[in-house]
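Colleague: Got a predicted model here, sequence first, then my questions.
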Amino acid sequence: MSRIGRMPIAVPAGVEVKNENNCLTVKGPKGELTRQFSNELGIEIDGAVITVTRPSDDKRHRSLHGLTRTLIANMVEGVTNGYSKTLEIEGVGYRAAKSGNKVNLTLGFSHPVVFEETDMIKLDVPQPNKIIVSGIDKQAVGQFAAEIREKRPPEPYKGKGIRYEGEHIIRKEGKTGKGKK
């Protein structure tokens, strides 16, 4: 049995969970998330505990068991606390500025790069070199942060670009110029 899949999920107070044909709706103080899961697995809600069961030890059922449990746990965590990713901008002249619900990034291009908040994703710029992406859906927050990082990924020589907070960039040594005539 999957060690992750057999763990029960505790539902905190103030969170409402509904299951209709393995379409789970989780409603909490931060918002509401809905997701359709495979009908092969069993999802039982017993008071303040959710458990996921699998019908057999088939390879497909084993792989879906832990995944389903983790996705449900992420939904419950998202509607109670939410998720956030912090991006750091490094480089001379690289900066971010928020105006209304848009974030303008100056990244050394001939034009500014603009990202707009959605109903699921909120953007915050506490400093000109920091962007905080937050929301209730873990996958959506990670995807949006990856799209921002993609505009100017950190380069290995000077370390300029957009990186996740705490991300280590392996630096390369530049050319020395020895041995050439």
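Modeller: Cool, got the structure.

Colleague: pLDDT weak spots in the protein?
Modeller: Along the chain, the parts satisfying pLDDT under 70 run over 1-2, 177-181.

Colleague: Strands along that one, start to end?
Modeller: 9-10, 16-20, 23-27, 32-36, 42-46, 49-53, 83-90, 95-99, 102-106, 113-116, 121-124, 130-135, 161-164 (DSSP state E).

Colleague: could these go into TSV alongside distance to F144?
Modeller: Where you see a C-beta, it was placed from the backbone N, CA and C, and this is true even at glycine. Formatted as TSV, these follow (distance: least, C-beta to C-beta, whole Å):
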stretch	distance to F144
strand 9-10	25
strand 16-20	26
strand 23-27	20
strand 32-36	16
strand 42-46	28
strand 49-53	27
strand 83-90	8
strand 95-99	14
strand 102-106	11
strand 113-116	8
strand 121-124	5
strand 130-135	5
strand 161-164	13
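
Colleague: CSV for these, including distance to I148 and mean neighbour count?
Modeller: Listed next are the strands of the chain as CSV, based on distance: least, C-beta to C-beta, whole Å; neighbours: other C-beta atoms under 10 Å:
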stretch, distance to I148, mean neighbour count
strand 9-10, 31, 16
strand 16-20, 32, 13
strand 23-27, 27, 18
strand 32-36, 22, 14
strand 42-46, 34, 13
strand 49-53, 33, 18
strand 83-90, 6, 18
strand 95-99, 9, 15
strand 102-106, 8, 17
strand 113-116, 6, 14
strand 121-124, 9, 18
strand 130-135, 6, 20
strand 161-164, 6, 20
